[in-house]
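> from the sequence below, what's the structure:
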Amino acid sequence: MSNRILALAAVMTLAATGCGMSPQPGQRQAAPATTAPATTPAATTPAATSSATPSATQDSRPALAETRSTMNPDLKVEVVGLNRLKGKHLVVQIRLTHTGDGKEVSWTGQMGDHTRPLGEIRWASGIGVLDERARTWILPYKPEGGPCLCTDQKRDGIGYFVDPGASITLYAVLPAPAGNPESATVVTPLAPPMLNVPISDEAPQGDFPDPDAEPVTPVTRRVVLPSESADRTEETSDDGKDLQVNLSSDVLFAVDKAVLTPRAKAVLARTAKLVDASPATQVKVEGHADSSGNDAINDPLSARRAQAVRAALAPLLKRDGVAFQTKGYGSRRPLYSNDTDEGKRRNRRVTVTFAKPQAEPVRPSQDVVSTVGPGEDLTGSTKADGQPIAMEITGLRRLPGGLGLLTYTVANEGTAEAWYNDLHDGQDWQSYKYQAASAVVLTDQDGRRRYLPGRLQVPSGDEAGSYCACTDVSGVRLGTEKFAPGQKREFWGLFALPDAASGLSVKIAGFRELQVPIQ
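Model prediction:
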């Protein structure tokens, strides 16, 4: 097996022309996938005989983790392979099984990475892993000769659809998480992340393109977790490396002024405590304006405001060895859209950025699927299109690196079809690139802090914009908020979690606020 993977001449030839070819077991079969003993290997086709025709052998490997597609609950999503290569690459294999008896289900659009344009809907480019400690969403490599080191519908000869009772197996090759972890969180665009999937150092079953055979570019998205004080005087973004504290200029200063108000002292004192708790030796203080006015006014005003915050913040620190850098950017670096009053208010800010404090490690959840404790009433109800809509929170799980995963279901308990669009009817100032189930807020009542959905940040030079680290409800997934009578779907979102909290208040769209324990 180890000689087969990444070594055969046919694989190398294919890799040199783009993404290499991997014969996938069990594609477009008439019988559903079954669970076999762990000792039963999945049949593979040698790379030397690869063609556009899928293998005729059913992929019967046991699942390492499984979930269901939010858009098509009849589509079962299973991880059947998670293998580390050469200590630095990862091969992820996902089996999709159509467990229903209705019409065929398309997989190509659902499995695509929506954070980058690929030109065609044919790649399994959305398969990846979440490196919680590094706050990084890791996606398949981009090879020099193609867009994705992953299953290609056209090249691999896989149909667009999964028939009822059939299954297909897809793959992606990507960078391995740092630190050689024993397990990883596997992510797809289809469904909630699958936690604690064990990583094997054995060669994966099948033939895959060699990421070392040609130049490849890692594709990663920084996971940024925002939160804000209950009084909304400041907003913090945590990317796992730095804290970015955005102080409201409306609180710090009078209109068109750079003299701090009496209220500013309490706001800056909280920021000073964060700097004291961090290992930072450099602190950046940057002034920003909204789009009102012009550069001749905004640039010098934002610079003076940054200098005023630096002058007041420095003496509040209780430790030495911290240097400051100040700069004013005027209106050139908005966080949010200036098309709304709330977006403008949040863009009027002074940003203080420094290395984040190091929190004590917290034991992650051990379950891929978790439920809340007995006796907890974590349900809500509303109406849409005249139909009763029910919601139930199924878990709020603590992950490594200060992350939390919220999962919940929404169901149509009526007798007619209904669209429930309130999930994406969140704060318009958040300015996500596409609509998502972002109308969710977690609140720490004791800490007087609100936690907002995480963001996937695309690096400069790629497709611009922020993407919600939550269930997508746009594009090919537009029908996610459409419910047939009796239909239930599971949604998810990533959030920051306060270290000491045992539970949080959760408000989802128009449903009632609930007190939810952290698992």
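> show me the contacts for residue 507.
440-443, 513-514 (Cβ atoms under 8 Å, 6 or more residues apart in numbering). The way it works is simple: take the backbone N, C-alpha and C, and place the C-beta from them, glycine included.
> and the pLDDT for residue 289?
Note for residue 289: predicted pLDDT of 96.
> what's the closest non-adjacent residue to it?
residue 298 (4.0 Å; Cβ to Cβ, 6 or more residues apart in numbering).
> surely that neighbour meets residue 331?
Yes. Under the criterion of Cβ atoms under 8 Å, residue 298 makes contact with residue 331 at 5.1 Å.
> which among the contacts of residue 507 end up buried?
440-443, 514 (16 or more other Cβ atoms under 10 Å).
> from the residues you listed, which land in helices?
In helices, defined here by DSSP state H, there are no members of those.
> make CSV from these and add distance to residue 108 to it.
Output for the buried ones among the contacts of residue 507, formatted as CSV (distance: Cβ to Cβ, whole Å):
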residue, distance to residue 108
440, 29
441, 34
442, 34
443, 39
514, 37
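> now the residues you listed in JSON lines, with distance to residue 114 and pLDDT?
What follows is those, written out as JSON lines (distance: Cβ to Cβ, whole Å; pLDDT from 0 to 100):
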{"residue": "440", "distance to residue 114": "19", "pLDDT": "96"}
{"residue": "441", "distance to residue 114": "23", "pLDDT": "95"}
{"residue": "442", "distance to residue 114": "24", "pLDDT": "97"}
{"residue": "443", "distance to residue 114": "29", "pLDDT": "97"}
{"residue": "514", "distance to residue 114": "29", "pLDDT": "97"}
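> can you list which of the residues you listed are found in strands?
440-443, 514 (DSSP state E).
> closest to residue 272 out of those?
Each of those was scored against residue 272 by Cβ to Cβ, and residue 443 proved nearest at 24.4 Å.
> the closest one contacts residue 452, correct?
No. Counting by Cβ under 8 Å, residue 443 stays clear of residue 452, with 10.4 Å between them.
> show me whatever sits in contact with both of residue 298 and residue 331.
residue 289.
> any chance you could map the helices in the stretch 1-150 of the chain?
For the stretch 1-150 of the chain, the helices defined by DSSP state H, counting those that start in this stretch occupy 9-16.
> now for residue 102: which residues touch it?
Contacts of residue 102 (Cβ under 8 Å, 6+ apart): 74, 164.
> for it, grab phi and psi.
When quoted as degrees, to the nearest 10, the phi and psi of residue 102 stand at phi -90, psi -150.
> any buried residues in the lengthiest helix in the chain, and which?
The residue-count maximum for a helix in the chain (DSSP H) belongs to helix 295-313. Residues of helix 295-313 classed as buried: 298-299, 301-310, 312-313 (neighbour count, 16+ other Cβ under 10 Å).
> a markdown table for the residues you listed, including pLDDT?
Putting these into a markdown table (pLDDT from 0 to 100) gives the following:
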| residue | pLDDT |
| --- | --- |
| 298 | 95 |
| 299 | 96 |
| 301 | 97 |
| 302 | 97 |
| 303 | 97 |
| 304 | 97 |
| 305 | 97 |
| 306 | 97 |
| 307 | 97 |
| 308 | 97 |
| 309 | 97 |
| 310 | 97 |
| 312 | 97 |
| 313 | 97 |
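> save those as a markdown table, and put in distance to residue 467 too.
As requested, those are exported to a markdown table (distance: Cβ to Cβ, whole Å):
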| residue | distance to residue 467 |
| --- | --- |
| 298 | 28 |
| 299 | 30 |
| 301 | 32 |
| 302 | 28 |
| 303 | 32 |
| 304 | 35 |
| 305 | 31 |
| 306 | 29 |
| 307 | 35 |
| 308 | 35 |
| 309 | 31 |
| 310 | 33 |
| 312 | 36 |
| 313 | 33 |
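> which single one of those is nearest to residue 198?
Nearest to residue 198 among the buried residues of helix 295-313, with distances taken as Cβ to Cβ, is residue 313, at 46.2 Å.
> okay, and for this protein, where does confidence drop off?
Applying pLDDT under 70 to the chain flags residues 1-57, 359-375, 426-431, 460-464.
> residue 498: which of the buried ones among the contacts of residue 507 is nearest?
Nearest member of the buried ones among the contacts of residue 507 to residue 498, counting by Cβ to Cβ, is residue 442, at 9.4 Å.
> touching, the closest one and residue 495? I think so.
Yes. At 5.4 Å, residue 442 and residue 495 qualify as touching, with contact defined as Cβ under 8 Å.
> joint contacts of those two?
With Cβ under 8 Å, 6+ apart, residue 442 and residue 495 have common neighbours 404, 406, 451.
> what is the burial count for the second one?
Think residue 406. 26 (other Cβ atoms under 10 Å).
> I'd say it and residue 442 touch.
Yes. With contact defined as Cβ under 8 Å, residue 406 and residue 442 form a contacting pair (7.2 Å).
> what touches both of the two?
With Cβ under 8 Å, 6+ apart, residue 406 and residue 442 have common neighbours 396, 495, 506.
> list the contacts of the last one.
Under the criterion of Cβ under 8 Å, 6+ apart, the contact partners of residue 506 comprise 393, 396, 406, 440-443, 513-516.
> in CSV, please show the C-alpha coordinates belonging to stretch 148-168.
Below are the C-alpha coordinates for stretch 148-168, written out as CSV (Å, rounded to 0.1, in the frame of the first residue of the first chain):
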residue,chain,number,x,y,z
CYS,A,148,-7.8,22.1,-6.5
LEU,A,149,-6.0,19.0,-5.3
CYS,A,150,-9.3,17.2,-4.8
THR,A,151,-11.9,15.1,-6.5
ASP,A,152,-12.8,16.6,-9.9
GLN,A,153,-16.2,15.5,-11.2
LYS,A,154,-15.1,15.8,-14.9
ARG,A,155,-11.6,14.3,-14.6
ASP,A,156,-12.5,11.5,-12.2
GLY,A,157,-15.6,10.5,-14.2
ILE,A,158,-18.1,10.9,-11.4
GLY,A,159,-21.6,11.9,-12.1
TYR,A,160,-23.2,15.1,-10.8
PHE,A,161,-25.7,13.1,-8.8
VAL,A,162,-25.9,10.5,-6.1
ASP,A,163,-28.8,8.1,-6.8
PRO,A,164,-31.1,6.8,-4.0
GLY,A,165,-29.3,3.9,-2.3
ALA,A,166,-26.0,4.8,-3.9
SER,A,167,-22.8,6.3,-2.5
ILE,A,168,-19.7,8.0,-3.8
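> I am finished for the moment; much appreciated.
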